[in-house]
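Asks: Sequence first, predicted coordinates after that:
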Amino acid sequence: MGLHENPAIIIFTDGAARGNPGPGGYGVVLISGSHRKELSQGFKLTTNNRMELMAAIVGLEALKITPCNVTIYTDSKYVADSVEKKWVFNWVKTGFKGKKNSDLWKRFLKVYGMHHIKFVWVKGHASIPENERCDQLAVEASFQPGLPEDAGYHPDK
């Protein structure tokens, strides 16, 4: 890799919630060349969309070099469309008025600006090995004992 080339990173993400809201978790698989890293975490009470978005955030926050050329594969239309169709940038202009998960979107935007990121939507449960692995990680995380609170989740908002 040349001195001025940005590393190419592939991130697969998935989120899960048992009940929506309910116990949930996210799973992330990061791939850079021959390097691979898996991340996951569960929460006591959350939603599927929060976990889908949290997976993308945690994957990006795990990157040590900036900027990177990042492709994020997600089966969440909510996450992929919000970014690729530029909805989230309009939400910023309106102060996220009436939008759910604004805490996570604000956290996402902090790390989004550090990289060159493209989201690719993939069909869930379609035998894509890394997506299936993320689903497994997310579901397993949701079953861990002593799950922490998802501090940003407020059922009444």
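Replies: Received it, and whenever you're ready, just let me know what you need.
Asks: Okay, strands next: where are they in the chain?
Replies: 8-17, 22-32, 35-46, 69-74, 116-121 (DSSP state E).
Asks: now, of these, which is deepest in the fold?
Replies: strand 8-17 (a mean of 25; mean count of other CB atoms under 10 Å). Quick note: C-beta positions are derived from backbone N, CA and C, even for glycine.
Asks: partner strands of that one, parallel or antiparallel?
Replies: strand 22-32 (antiparallel), strand 69-74 (parallel) (DSSP bridges).
Asks: Show me what the shortest one is in contact with.
Replies: Outside strand 69-74, the residues within contact range by CB atoms under 8 Å, 6 or more residues apart in numbering are 6-14, 52, 55-56, 59-60, 63, 80, 115-122, 128, 130-131.
Asks: about what we covered before: got JSON lines for the strands paired with strand 8-17, with distance to His154 and mean pLDDT too?
Replies: JSON lines is the format used below for the strands paired with strand 8-17 (distance: least, CB to CB, whole Å; pLDDT from 0 to 100):
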{"stretch": "strand 22-32", "distance to His154": "15", "mean pLDDT": "97"}
{"stretch": "strand 69-74", "distance to His154": "24", "mean pLDDT": "97"}
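Asks: Need those strands in JSON lines (columns: distance to Thr94).
Replies: JSON lines is the format used below for these (distance: least, CB to CB, whole Å):
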{"stretch": "strand 22-32", "distance to Thr94": "27"}
{"stretch": "strand 69-74", "distance to Thr94": "24"}
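Asks: ok, Ile9 touching His35?
Replies: No: contact criterion CB atoms under 8 Å: Ile9 and His35 do not qualify, at 9.5 Å.
Asks: Between the strands paired with strand 8-17, which one is closest to Glu149.
Replies: Nearest to Glu149, of all the strands paired with strand 8-17, is strand 22-32, at 11.3 Å by CB to CB.
Asks: what about the chain, any weak spots by pLDDT?
Replies: By pLDDT under 70, the weakly predicted segments of the chain are 1-5, 157.
Asks: Give me the distance between Pro67 and Ala8.
Replies: To Ala8, Pro67 is 11 Å away according to CB to CB, to the nearest Å.
Asks: follow-up on the earlier one: now for the strands of the chain, which one comes closest to Arg107?
Replies: Ranking those by proximity to Arg107 (CB to CB) places strand 22-32 first, at 13.3 Å.
Asks: Thanks again, I'm all set now.
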